[in-house]
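S.K.: Model the following, please.
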Amino acid sequence: RDDRDMAFRIELKAHPMDFSSWSSSSSSSSSVLLDEVREYFTNSIPNFPEVERSLHLPPNVTTMRVSRTSMSTVETLATMKQDFPTKCAAVHPHPLLPDVLVLDGDPINNNMTIHPTIVAVDGKCGEAVLRGSDVFAPGIRSVSNKYPIGVDISVCVVVDSPAPLKGSLLKADEIRKLVHIANGIATMSRYDVVQKQQGVAVEVKECVFRHAAFHDVLPETVFLQNLPSMIVSHLLQPKWGDKVLDMCAAPGGKTTHLGLLMLHNAQQSAPEEYQQQQAQVRERQREYQKQKREGKQDEEQRDASRSAPEEHQQQQQAQVRECQREYQKQKREGKQDEERDASQSAPEVRGCQKQKREGKQEEDQHDQFGAVREKTGPENEQKAKPITVTVSPFVKVIALERSQPRWRELKTCVERFGLQDLIATLKLDATTVTEHFGNAYFDKILLDPPCSGLGLRPRLRKDTSDLKHLRGFAEYQRTFLTTAYHALKPGGRLVYSTCTINPMENEENVGWFLNNFPNVKLLGPTTETEGLYRLGGPGLLGCGLGVGEVEKVIRFDPAVHLHSIGFFLAAFEKAG
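M.R.: Take a look at the predicted model:
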């Protein structure tokens, strides 16, 4: 084993590739896209080679949104600098957006030392590290050798081939495929990484990109978010009296931004309601923090019980076995009593089961969001029963998500900012929204539908989407656009956004929407929104839009707009 470690160190001196060399390569081996997709993008996007190389890199700034419920943006920044002087020293307000703070990144760091001990992480973990995260145990695939806590470690990522076997020791041929992205200090031994599979395994001290982690900085006030995602809500311009719909709301960043912008608008338009809502928001945030602390205490108690002395654990196990034996004894005795009484009580049992089924059917008529299935007459028994949704009259934003796990994530995000009295989170399919609320119900609609995500960066993992898959995304998004049109009031505003560079999901979908719904108008920059349009660039010509129309959409090109991910926005108005 010592010989193997020595051979590894000798081999290591000749390898891992530095990130700058890999990311600037134009070869297909460094591409994260399939060849047919690269060809399509090359023909559609004039500067695609530069765009593709930019996808390897994270945005060169970190942007944060400020809630402004308890402190203004200026006060929040002052608190950040006081509580986190090192991390927040260079944070400054955005020059245009009043609720955004910015931390400019440093140039790429190519002077990092490669330590003898390394960990190989998967692409997902590597992408997070490039955005400022530490290395968490589940992201580690393989290590060079056994190591103790506190040792210096180099973090490398496998990008051009399958990751090494989970928990294995790195082989010499695997070393050649690694790309060095960070250095740090081990906070877990190799044994703990393999056994626990949770928690921070390496605390990152330096990275090829110097992005500080802000997850612990004023979490109820500051929210990390990409710049274009914040522009979406500003472009929709929600007012206090509007009925607003977020059709595909999880994980909740844009949803909570909409609620906060409406609340801030109420400060001028409805000061009395603003004071009431402000008090409710603060009370809700205190409740959330209390629940969070109690949950953390419960978790610490569970961790303590897991690390209890062996003798105590043996006693607990003996008690569990004794309880299991007692339960089995009672179960056997109870079964014998049931068999004796079966002949006498059969009619009563059948009656009870019937009542239970009827009760279950009645219970199924209500869902957990207050949606009530309306009963219809016998003549309509074969038809689908319509559903109406009842929400509080104080709710201003309806946020939809059909996936249960993602709905929970959305709900947690809303509770984090104390906005559950202002935002109703419903577990519903957005394409059925008119069945619940009827046509022409909403004043403002945000549609950020499921997309290919090909604008997200950094990208270290190979994307398996082919052209057929990308067309499928575009067609699926058109069902949401159709539903949004019917749900929107005449004179209402719709903002459509994606986090992809794919023209089929962007310009072509905008062209399709305008052609199929003639009374929809594509909105361009106005006095209020001109600055937002300047933050991005125009759309692509030759992809379904004319010369004047490409100036009315916003496309964030990661090769041009280095501060941003690849993103697309378009605003529409429905004629009255």
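
S.K.: To which secondary structure element type does Gly491 belong?
M.R.: What DSSP: H, G, I helix; E, B strand; the rest coil gives for Gly491 is strand.

S.K.: Can you tell me how far the nearest residue to Asn439 once chain neighbours are set aside is from Gln477?
M.R.: Distances taken as CB to CB, 6 or more residues apart in numbering place His486 nearest to Asn439, at 5.0 Å, with adjacent residues excluded. Where C-beta positions appear, they are placed from N, C-alpha and C, glycine not excepted. His486 sits 16 Å away from Gln477, going by CB to CB, to the nearest Å.

S.K.: and the two? which has more neighbours close in?
M.R.: A count of neighbours by other CB atoms under 10 Å puts Gln477 above the other of His486 and Gln477, at 23 against 14.

S.K.: what residues are up against the more buried one?
M.R.: When contacts are counted by CB atoms under 8 Å, 6 or more residues apart in numbering, Gln477 is found next to 449-451, 498, 505, 509.

S.K.: what's the distance between the residue nearest to Asn439 and Glu127?
M.R.: The gap separating His486 from Glu127 is 38 Å, by CB to CB.

S.K.: buried ones in the helix or strand where Ile153 lies?
M.R.: Per DSSP states H and E, Ile153 falls inside strand 152-158. Within strand 152-158, the residues scored as buried using 16 or more other CB atoms under 10 Å are 153-158.

S.K.: pLDDT-wise, what's the bottom of these?
M.R.: Among the buried residues of strand 152-158, Val158 carries the weakest pLDDT, at 83.

S.K.: Kindly indicate whether the closest residue to Val222 other than its chain neighbours is helix, strand or coil.
M.R.: Using CB to CB, 6+ apart and skipping the chain neighbours, the partner closest in space to Val222 is Met64 (5.0 Å). Using three-state DSSP, the structure places Met64 in strand.

S.K.: And Met64, how close does it get to Leu97?
M.R.: Taking CB to CB as the measure, Met64 falls 11 Å from Leu97.

S.K.: which residue ranges form the helices in the stretch 201-350 of the chain?
M.R.: Along the stretch 201-350 of the chain, counting by DSSP state H, counting those that start in this stretch, helices occupy 227-236, 253-269, 271-306, 310-364.

S.K.: In terms of secondary structure, what does the second one contact?
M.R.: The criterion is 3 or more CB pairs under 8 Å, 6 or more residues apart in numbering; DSSP states H and E, and the helices and strands that helix 253-269 contacts are helix 227-236, strand 244-246, helix 271-306, strand 397-400, helix 404-416, strand 423-426.

S.K.: just checking, what packs against the shortest one?
M.R.: When you say that, I think you mean strand 244-246. Against strand 244-246 (3+ CB pairs under 8 Å, 6+ apart) you get helix 253-269, strand 397-400, strand 442-447.

S.K.: what does the fourth one give?
M.R.: If you count contacts as 3+ CB pairs under 8 Å, 6+ apart, strand 397-400 packs onto strand 244-246, helix 253-269, strand 423-426.

S.K.: Out of the ones you listed, which one sits most buried?
M.R.: When you average the neighbours per residue for each of these (mean count of other CB atoms under 10 Å), strand 244-246 leads with a mean of 27.

S.K.: Give the pairing partners of that strand; include direction for each.
M.R.: Sheet partners assigned to strand 244-246 using DSSP bridges are listed as strand 397-400 (parallel), strand 442-447 (parallel).

S.K.: okay, which residue is most central for the chain?
M.R.: Geometric centre of the chain, nearest residue: Pro251, 4.7 Å, by CA atoms, centre = their mean.
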